[in-house]
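Asker: can't give you the sequence, but here's the structure:
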């Protein structure tokens, strides 16, 4: 019996629930693996996929979204060893799974905490309800590879947004593996799209894209690039989350601002009956 | 010009008596069945191969503007209202209100009952009428060149008595349509009653008067490419000014191979008779990439003579918005979104 031939893996993009190679055909060598190098056209395709997924995902009940996100946490738990094998410390994997469960729980609670009845001087019920803003472009932090990624994706999608994530260029394997988890956990295709490769190639396209409603610059380390991206994002008044400071503690309680920044508030006036 | 195998002999013998064909069922049948068969695999492979051409930068910009000028902006719904078709007509004149350099579309295509409302809008800007923009590929957006097309002859099924179909046609022309999209009698065609189909087209052409006649073959119901070729020749022999693939009301609409077969038919027809006939694929063409594939095929099959809104049209509704988004991307460098264009 001859020795088995190794099955070598190419890490691909995650767009619309599928794992395509970059349309440019390029890849780059990182963490001893071949990883797709996304082009601006991949970014465009990812936005199209994310936009197409908004209606179904934002229209799902908060309870249903919470269930699906909890399912993701279950699948993450089952893949724990795989993440550890990729070099993610075991306690970081635990923290990432706990973070995911924490955010999953917020799906049907945030509207109660962040919305509600407003007292008004007139015979009206006045109600405010938070709604998702739409398609969010996210720049994942360089590190920690998994906890940082979960900490930017989960708060965006739990409220009904869909995301296009530019993964950490230096540690992309965890993001592709997370995409494999998402692809197998009832999350509709297109809700999360992952682009691997150079930030400078895909993110400026996303920042200027008129069909993107918000951009999370958390992982942008270069201050002048961050400024340029904010300027581009201003063109269609995108909501912007500014880059995280270098000493940001990813293990600390994240608070609600990541979720609430990516919401629009709808207020309804309703006359009180007879 | 590349010729189909066996075409030369057919064309030569046909040239002398093409005009006589319609007088006899037998002659018509012999001619149509004497047309060379279509190589199905070859046609599909050729169409797929032409679809792989890469059209970029300035060529793409030119292709997009040409495609916009070729769009027959269409709404054929039971729920069409005067307000909706007026809005559509306004969009036909100025597809991108934010950019005055954007050309207008080729025509607006509606049901006969909606024609007066469209005519109102188009006439308000000097009306519709031939001829259309120049051959330079970049005719300025201006009034007076957006045509008004109307479907007629009991669209989409065509299953009505001939008098009704002709009355339908006359009413549309009287209301202001200068292009009529008729459907052929597929039942008669598939049963082999070619003369009946021929006579109906001739009668409809007469009812059209000065209006141009587009003959819808409904290729999705014709089953084979051989039938598409026969129906194309039949429509051209009977006097159609355009041959159009589909109504858009059956599951299989325009495809690249079907359009290829029809383009070959108009090319051979011009070689045989000297008369040029236009082609209009309709239904299922949703984005710029598809539209450019069709333009490549036109250029490679029949040449630049047909790369003009007078000779090639797209029957489409959602295609226009994608063309406008791609156009915006090329002029501004930033990807646009559907939020910035009208829904219909």
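Answerer: Looks like it arrived, so ask away. All figures in this text were calculated on a predicted structure; none of them were measured in a lab.
Asker: Now do the buried residues in the longest helix along chain B.
Answerer: Looking across chain B with DSSP state H, the single longest helix is helix B:256-273. For helix B:256-273, burial by neighbour count (16 or more other Cβ atoms under 10 Å in any protein chain shown) applies to B:256-270, B:272-273. Placement of C-beta: from N, CA and C, glycine included.
Asker: Next: stretch A:241-250.
Answerer: A:241, A:243-244, A:250.
Asker: quick one on the thing from earlier: ok, residues contacting the longest helix of chain B?
Answerer: Here helix B:256-273 makes contact (Cβ atoms under 8 Å, 6 or more residues apart in numbering or on different chains) with B:1, B:3-4, B:7, B:11, B:14-15, B:18, B:38, B:40, B:43-44, B:46-48, B:50-51, B:217, B:219, B:225, B:228-229, B:232-233, B:236, B:243, B:245, B:275-279, B:281, B:293-294, B:297-298, B:301-302, B:306.
Asker: how does it look with 6 Å?
Answerer: Residues from elsewhere that reach helix B:256-273 (Cβ atoms under 6 Å, 6 or more residues apart in numbering or on different chains): B:7, B:11, B:14-15, B:38, B:43-44, B:47, B:219, B:225, B:228-229, B:232, B:236, B:243, B:245, B:276-277, B:279, B:281, B:301-302.
Asker: Please apply the same query to stretch A:248-260.
Answerer: By Cβ under 6 Å, 6+ apart, stretch A:248-260 touches A:95, A:110, A:114, A:144, A:147-148, A:151, A:155, A:159.
Asker: Show only the entries of those residues found in helices.
Answerer: A:95, A:110, A:114, A:147-148, A:151, A:155.
Asker: Tell me the one of the buried residues of stretch A:241-250 nearest chain B?
Answerer: Ranked by distance to chain B (Cβ to the nearest Cβ), the buried residues of stretch A:241-250 are led by residue A:241 at 20.5 Å.
Asker: Which residue, other than its chain neighbours, is closest to the closest one?
Answerer: residue A:216 (4.2 Å; Cβ to Cβ, 6 or more residues apart in numbering or on different chains).
Asker: Next, count neighbours for the one you found.
Answerer: 27 (other Cβ atoms under 10 Å in any protein chain shown).
Asker: In space, what's closest to residue A:242 - neighbours in sequence excluded?
Answerer: residue A:217 (6.0 Å).
Asker: Any idea how many residues pack against that neighbour?
Answerer: Residue A:217 - counted by other Cβ under 10 Å - has 21 other residues nearby.
Asker: Now it, what are its backbone angles?
Answerer: phi -90, psi 20 (degrees, to the nearest 10).
Asker: doesn't residue A:226 make contact with it?
Answerer: Yes. The pair residue A:217 / residue A:226 is scored as a contact, 5.4 Å apart, by Cβ atoms under 6 Å.
Asker: Find residues that contact each of these two.
Answerer: In contact with both residue A:217 and residue A:226: residue A:243, using Cβ under 6 Å, 6+ apart.
Asker: Taking the stretch 1-150 of chain A, what residue is nearest to chain B?
Answerer: For the stretch 1-150 of chain A, Cβ to the nearest Cβ, closest residue to chain B: residue A:44, 5.6 Å.
Asker: Just confirm that residue is within a helix.
Answerer: Yes. Assessed by DSSP: H, G, I helix; E, B strand; the rest coil, residue A:44 belongs to a helix.
Asker: Select from the ones in helices among the contacts of stretch A:248-260 the one having the most neighbours.
Answerer: Result: residue A:155 is most packed of these (other Cβ under 10 Å), 28 neighbours.
Asker: Quick one: residues contacting that residue.
Answerer: Neighbouring residues of residue A:155 by Cβ under 6 Å, 6+ apart: A:103, A:258-259.
Asker: distance between the ends of stretch A:132-150?
Answerer: Chord length of stretch A:132-150, first to last residue, is 18 Å (Cα to Cα, to the nearest Å).
Asker: Show me what counts as buried in that stretch.
Answerer: For stretch A:132-150, by 16+ other Cβ under 10 Å, it's A:132-150.
Asker: Quick check: the gap between residue B:295 and chain A.
Answerer: Per Cβ to the nearest Cβ, to the nearest Å, residue B:295 is found 21 Å from chain A.
Asker: coming back round to it: quick one: contacts for the residue nearest to residue A:241?
Answerer: Per Cβ under 6 Å, 6+ apart, neighbours of residue A:216: A:138, A:152, A:241.
Asker: Make a markdown table from those and add pLDDT to it.
Answerer: Output for these, formatted as a markdown table (pLDDT from 0 to 100):
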| residue | pLDDT |
| --- | --- |
| A:138 | 98 |
| A:152 | 97 |
| A:241 | 96 |
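Asker: want to throw those into a markdown table with distance to residue B:58?
Answerer: Listed next are these as a markdown table, based on distance: Cβ to Cβ, whole Å:
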| residue | distance to residue B:58 |
| --- | --- |
| A:138 | 35 |
| A:152 | 40 |
| A:241 | 39 |
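Asker: so which of those comes closest to residue A:58?
Answerer: Nearest to residue A:58 among these: residue A:138, at 16.7 Å, using Cβ to Cβ.
Asker: ok but the closest one is inside a strand, no?
Answerer: Yes. Applying three-state DSSP, one finds residue A:138 inside a strand.
Asker: in the sheet, who's paired with it?
Answerer: The bridge-partner assignment for residue A:138, based on DSSP bridges, gives residue A:165, residue A:216.
Asker: SS state for the residue of the stretch 101-250 of chain A found nearest chain B?
Answerer: Residue of the stretch 101-250 of chain A nearest chain B, by Cβ to the nearest Cβ: residue A:211 (2.7 Å). Assigned with three-state DSSP, residue A:211 falls in the coil class.
Asker: who are the neighbours in contact with it?
Answerer: A:47, A:51, B:337.
Asker: Report the secondary structure state of the closest residue to residue B:151 other than its chain neighbours.
Answerer: Excluding the flanking residues, the one nearest residue B:151 by Cβ to Cβ, 6+ apart is residue B:181, at 4.6 Å. Recorded secondary structure, residue B:181: strand (three-state DSSP).
Asker: For residue B:181, list the residues it contacts.
Answerer: Taking Cβ under 6 Å, 6+ apart, we find residue B:181 in contact with B:149, B:151, B:214, B:216.
Asker: Could you do residue A:86 as well?
Answerer: Residue A:86 touches A:173-174, counting by Cβ under 6 Å, 6+ apart.
Asker: does residue B:322 sit in a helix, a strand or a coil?
Answerer: Assignment for residue B:322 (three-state DSSP): helix.
Asker: Just give the number of residues close to the closest residue to it other than its chain neighbours.
Answerer: In space, and not counting its chain neighbours, residue B:322 is closest to residue B:287: 4.4 Å by Cβ to Cβ, 6+ apart. Counted with other Cβ under 10 Å, the neighbours of residue B:287 add up to 15.
Asker: Look at residue A:125 and give its secondary structure.
Answerer: Under three-state DSSP, residue A:125 comes out as strand.
Asker: Make sure it is actually in contact with residue A:271.
Answerer: No. Residue A:125 is not in contact with residue A:271 according to Cβ under 6 Å; the separation is 7.9 Å.
Asker: Of the two, which one has the most company?
Answerer: residue A:125 (13 against 9).
Asker: give the contact list for the more buried one.
Answerer: Per Cβ under 6 Å, 6+ apart, neighbours of residue A:125: residue A:270.
Asker: how close does it get to residue A:111?
Answerer: 16 Å (Cβ to Cβ, to the nearest Å).
Asker: What is the lowest-pLDDT residue among the buried residues of stretch A:241-250?
Answerer: Lowest pLDDT among the buried residues of stretch A:241-250: residue A:244, with 91.
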